[in-house]
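Peer 1: Coordinates for the following, if possible.
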Amino acid sequence: MNQKRRVFDSAFKLEIVKMIQSNGLSIAQVCQDMQVGETAGRRWLKQAEAEQLGQAGIGKPLTPEQQRIRQLEAENRQLKSDNELLKKVSAFFARELR
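Peer 2: So this is what the prediction gives:
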């Protein structure tokens, strides 16, 4: 009875969103035709709409632009953390040299 969880790539999710937005089809109809849960379809639509407004949205980013933004934000956080550590270390050694 244990069903394996299905994984969908971003292109498939965006295709579902496009079908709902462009073709004027209902979420329920598209999800039924594509054999996807309606809750997932609603979540992907909400995510795509948030990304179109320039917001981060929830979950894994759908568009390549949002994926790149998240990657750069993570890199920025890491660099800031490294910079703070270097400041503390240099202050420590400056005190030791006095």
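Peer 1: in the strand or helix carrying Ala91, what's buried?
Peer 2: Secondary-structure assignment from DSSP states H and E places Ala91 in helix 64-97. Within helix 64-97, the residues that qualify as buried are Gln66, counting by 16 or more other Cβ atoms under 10 Å. (Each C-beta comes from the backbone N, C-alpha and C, glycine too.)
Peer 1: What mean pLDDT does that helix get?
Peer 2: Taken as a whole, helix 64-97 carries a mean pLDDT of 89.
Peer 1: ditto for stretch 42-59
Peer 2: With pLDDT averaged residue by residue, stretch 42-59 scores 80.
Peer 1: centre of the chain versus that stretch, how much separation?
Peer 2: Going by Cα atoms, centre = their mean, to the nearest Å, the spacing between the C-alpha centre of stretch 42-59 and its chain's C-alpha centre is 8 Å.
Peer 1: I'd like to check what contacts it. Which residues are they?
Peer 2: Stretch 42-59 has contacts (Cβ atoms under 8 Å, 6 or more residues apart in numbering) with 13-14, 16-17, 20-21, 27, 61-63, 65-66, 69-70.
Peer 1: Put together a markdown table for those residues, with distance to Ala91 on each row.
Peer 2: What follows is the contacts of stretch 42-59, written out as a markdown table (distance: Cβ to Cβ, whole Å):
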| residue | distance to Ala91 |
| --- | --- |
| Lys13 | 48 |
| Leu14 | 48 |
| Ile16 | 53 |
| Val17 | 50 |
| Ile20 | 55 |
| Gln21 | 54 |
| Ile27 | 56 |
| Pro61 | 38 |
| Leu62 | 43 |
| Thr63 | 42 |
| Glu65 | 39 |
| Gln66 | 38 |
| Ile69 | 33 |
| Arg70 | 32 |
